[in-house]
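Colleague: got a structure for you, letters missing:
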């Protein structure tokens, strides 16, 4: 039992990071029913943008958020406005395939510019831990991830609840025609929504960059994590996103404790597959 | 127009004769080119059968590529099974895998089906790269007792390419194919007209697993070396998506045209490394935006041109 | 003819692909009046309203709102010009609260600043909505949802309201209540076009009526001048 | 006459909306039963429940003595229930001939050879032989409406559900469609028929079933049902209190 405390704590904290990785994709799915297969790659794009600022200007990765987040908003806005909106329709495949194409472009563009080497955004937090008694330590960086993750979800929640744009996004996802009749330009709204989703992805990208190493092809791996969170937590639900993140991370870390670190991802996927098989709509999904 | 139709079988025959004599007249470059073309066309035909006709958005074809390839390699290396026999057994094992997968993923629809297949492939990737029996992630060299000659491999690829084409053609001309085309147009209505949706889809899924697994076996006999990070990589599905989207989803000719373009481009662009994938990505997106039906789809809409008619008159 | 025209529709044709839904439809609505459009299912009434509001593009014909051409403009351009549609099926936002639904009604920039004022006016008109203020809209009863839809439309401070089947599926007592509110709205000088299944109720409220059949206007006049037999004939196509 | 279809206490809701509410009726062998009701009365929902496109929340459907409430749409089709759609839904990328072939091969379970013969007969009936190789997606409305009828016939049904076969058609076109409906009846096929232009239908039906908001209003002789108080109120609104 003693041995399990540490992975359980880590899993809880990591869950917050997973939630912020997934929240943008979950949001977009909730609004446009769009599954953004490039979500992971766009997030990694955020990591690289931060890396550029860190290495050129010597900023602390935290400060790069100030630049990366707005830049990613515009990336999202244009991706939705100029690419995805144009193929949005009755059929599900075209937007999927466009996003898929975008994912390939991003991966190879990053590869071209940054080489396949593993990178990371080093901070002095990386190795710090706070002893909590017994053999359990609080990894400071994970803790920061968790706090920021929760903060992002809270801010997003407040944004959707209290602002005109946020409410309009929810209205459009509830009833598109109803929203248009209110004078809402829904296509524009979708672009805003994607911009906001990409702002969360930017935060996720910087946090992932500080916590783990990344390279141009890491995107899909996080896409699957985002999927896992989305499916376990229920589609399009924000609270579910946090719970889903924690469940997935706990499954991975506790599983790794028993089966060995090589199986960490594998066990996460197995849990995901079981959830998919038993409740395709997710644990918290209504449908 | 009528003229091309009239001489269709002559032209097809001529092409077939040309292709089947490549080892005699062709250079190594032509041989490799055609060989890759057959294999990619075969796998793309199968992805097209799934997505373009059955509405099964599989993102996990690499599961069958890797499973078929590894089965072949293990049987050949560890048990000394005759190499072409182990290729076939690899295909059959892929069917078993598909059957097992279907227990989980056939409850899912659309993109969730896609994610389900993908997750399966990722699990296989992780499993094989952690599995001592297949030498972890370092991979296996395929070492048959008597290595087949390059022209033998060429003919195996030719059989896969042509065989797949005939299989798809036969399926589409059969009762199931009629149902598939109806499903593609309107699933609900087709079900209310007596089409057995579940059975047709499962059938296609299993056929696709069989052929993809077998084709992968031939491919790895050619490539000699198999490794989990390559064999189970999502890149396979990416390539198949490109081929089918560029060529024209939901047409028999599309995957052929797409495979030809893909192999040609990837050969040309090979020296530029990753730029080639980048360019392919841009081409695919452009085609989705400009001509969502792909080359053959757009052509057929405008001219009604088909090489192999699946129409009934 | 002292009042000016609020709405003038001329020779409107609408096609859904090859299916013609409206044939040469013309109608005029004078400012401050209530005009009723009746007809059986599929006679084109909703299509007409959807086209005026900008959800559909007319194939031919013109629409003028207070003398200004609005045909072909999308809703986010027609709403600021003062026309709003209470759509069939209400189309309220089920997972937004009553208050938020109303806020969405004042989405267009110029209306936003006066939001609290208009909301309190809406609550005056429909006090029950004030009681439900913080409830999710999908927890409202059918009648309350319909009131919310009307109140939400009022939030854009329209000069012309188009109402599509607002009595559908509601109990007679509630319909009566809603019509009373519509009367109040009309007294404020807002022009109303009613599309209704409840023929008697809507004819009673209107000062001018159009009867549609098969995408065409087959009858028009003051409600009092239309005999029941005429209406029935047009309605059932007998 | 025995009942070919018996519906008991059928229920279906969408969220809070009760679309079909405890509805019971029966269809007699060989008759044409008309179904009327205002917008949103639940007529098409009833059809979707009968063909299995929607699952019932409660109640039973029995067809020729078999309980089919929980059967798949394709099974019900093969048992002999055919239908048309209000907005025609042809298989757009297939030809007229192929559209019919789907019905004959999958719905009626014929071999392709047998099916071809049957289809030529149907093509004659719906007067589409010369057009049989045209793509169904590009057809004008009348052709798509008649194709709906032909396709339903190709499944060799003993009961056909007609959903607004005449809506959107001109008078002359309506007559053409009506002739086909008559032919269908002459083949001994039972028909349940929704039509909003009551005039078109009232001439042709044996009995009329009126529903409103998913509930049973009245059923019986068409004239009487149409003139009944419930129906008048429901269509034209209540007399003032």
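Modeller: Perfect, I can see it now. Every value quoted in this text rests on a predicted model; they were computed, and no experiment measured them.

Colleague: just list what the one helix or strand residue B:268 maps to packs against, helices and strands only.
Modeller: Per DSSP states H and E, residue B:268 falls inside helix B:253-268. With contacts taken as 3 or more CB pairs under 8 Å, 6 or more residues apart in numbering or on different chains; DSSP states H and E, helix B:253-268 sits against helix B:28-48, helix B:235-247, helix B:274-290, helix B:294-303. C-beta coordinates here come from the backbone N, C-alpha and C atoms, glycine included.

Colleague: reformat the ones you listed as CSV; add mean pLDDT.
Modeller: Below are those laid out as CSV (pLDDT from 0 to 100):
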stretch, mean pLDDT
helix B:28-48, 95
helix B:235-247, 89
helix B:274-290, 84
helix B:294-303, 83
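
Colleague: among those helices, which comes closest to chain C?
Modeller: Proximity to chain C (CB to the nearest CB) singles out helix B:294-303 among those, at 16.5 Å.

Colleague: pull out the buried residues from the closest one.
Modeller: By 16 or more other CB atoms under 10 Å in any protein chain shown, the buried positions in helix B:294-303 come out as B:294-297, B:299-300.

Colleague: likewise for stretch A:145-164?
Modeller: By 16+ other CB under 10 Å, the buried positions in stretch A:145-164 come out as A:145-146, A:148-149, A:152-153, A:156, A:160.

Colleague: avg pLDDT for it?
Modeller: On average, the pLDDT along stretch A:145-164 is 92.

Colleague: touching that stretch from outside, list them.
Modeller: Contacting residues not belonging to stretch A:145-164 are listed as A:12-20, A:23, A:27, A:165-167, A:169-170, A:196, A:200, A:203, A:207, A:210-211, A:238, A:241-242, A:245, C:103, C:107, C:112 [CB atoms under 8 Å, 6 or more residues apart in numbering or on different chains].

Colleague: kindly report the same for stretch B:266-277.
Modeller: Residues from elsewhere that reach stretch B:266-277 (CB under 8 Å, 6+ apart): A:104, A:107-108, A:111-112, B:33, B:238, B:265, B:279-280.

Colleague: tell me if stretch D:79-97 is near chain B.
Modeller: Yes: using CB under 8 Å from any CB of the partner chain, we find that stretch D:79-97 touches chain B at D:83, D:85, D:89-95, D:97.

Colleague: can you tell me which of those residues are up against chain C?
Modeller: Answer for those near chain C: none qualify (CB under 8 Å from any CB).

Colleague: mind putting these into JSON lines with neighbour count?
Modeller: Shown next, in JSON lines, are these (neighbours: other CB atoms under 10 Å in any protein chain shown):
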{"residue": "D:83", "neighbour count": "26"}
{"residue": "D:85", "neighbour count": "24"}
{"residue": "D:89", "neighbour count": "18"}
{"residue": "D:90", "neighbour count": "24"}
{"residue": "D:91", "neighbour count": "26"}
{"residue": "D:92", "neighbour count": "16"}
{"residue": "D:93", "neighbour count": "17"}
{"residue": "D:94", "neighbour count": "22"}
{"residue": "D:95", "neighbour count": "20"}
{"residue": "D:97", "neighbour count": "21"}
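
Colleague: return the member of the contacts of stretch B:266-277 nearest to residue A:254.
Modeller: When these are compared for distance to residue A:254 (CB to CB), residue A:107 wins out at 31.3 Å.

Colleague: relative to chain C, how far out is that closest one?
Modeller: Using CB to the nearest CB, to the nearest Å, we find residue A:107 at a distance of 36 Å from chain C.

Colleague: verify the contact between that residue and residue A:219 for me.
Modeller: Yes: counting by CB atoms under 8 Å, residue A:107 does reach residue A:219; the two are 6.2 Å apart.

Colleague: quick one: common contacting residues for these two?
Modeller: Contacts common to residue A:107 and residue A:219, judged by CB under 8 Å, 6+ apart, are residue A:41.

Colleague: for residue 94, which non-adjacent residue is closest in space?
Modeller: Defaulting to chain A. residue A:87 (3.9 Å; CB to CB, 6 or more residues apart in numbering or on different chains).

Colleague: um, chain B though
Modeller: Closest residue to residue B:94 apart from its sequence neighbours, by CB to CB, 6+ apart: residue B:213 at 2.7 Å.

Colleague: and that neighbour, what is it in contact with?
Modeller: Residues near residue B:213 by CB under 8 Å, 6+ apart: B:64-65, B:67-68, B:71, B:90-95, B:97.

Colleague: redo the helices and strands packed on helix B:253-268 as a markdown table? Include distance to residue B:224.
Modeller: Shown next, in a markdown table, are the helices and strands packed on helix B:253-268 (distance: least, CB to CB, whole Å):
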| stretch | distance to residue B:224 |
| --- | --- |
| helix B:28-48 | 14 |
| helix B:235-247 | 18 |
| helix B:274-290 | 23 |
| helix B:294-303 | 34 |
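
Colleague: of all those helices, which lies closest to residue A:47?
Modeller: When those are compared by CB to CB, helix B:274-290 sits nearest residue A:47, at 18.3 Å.
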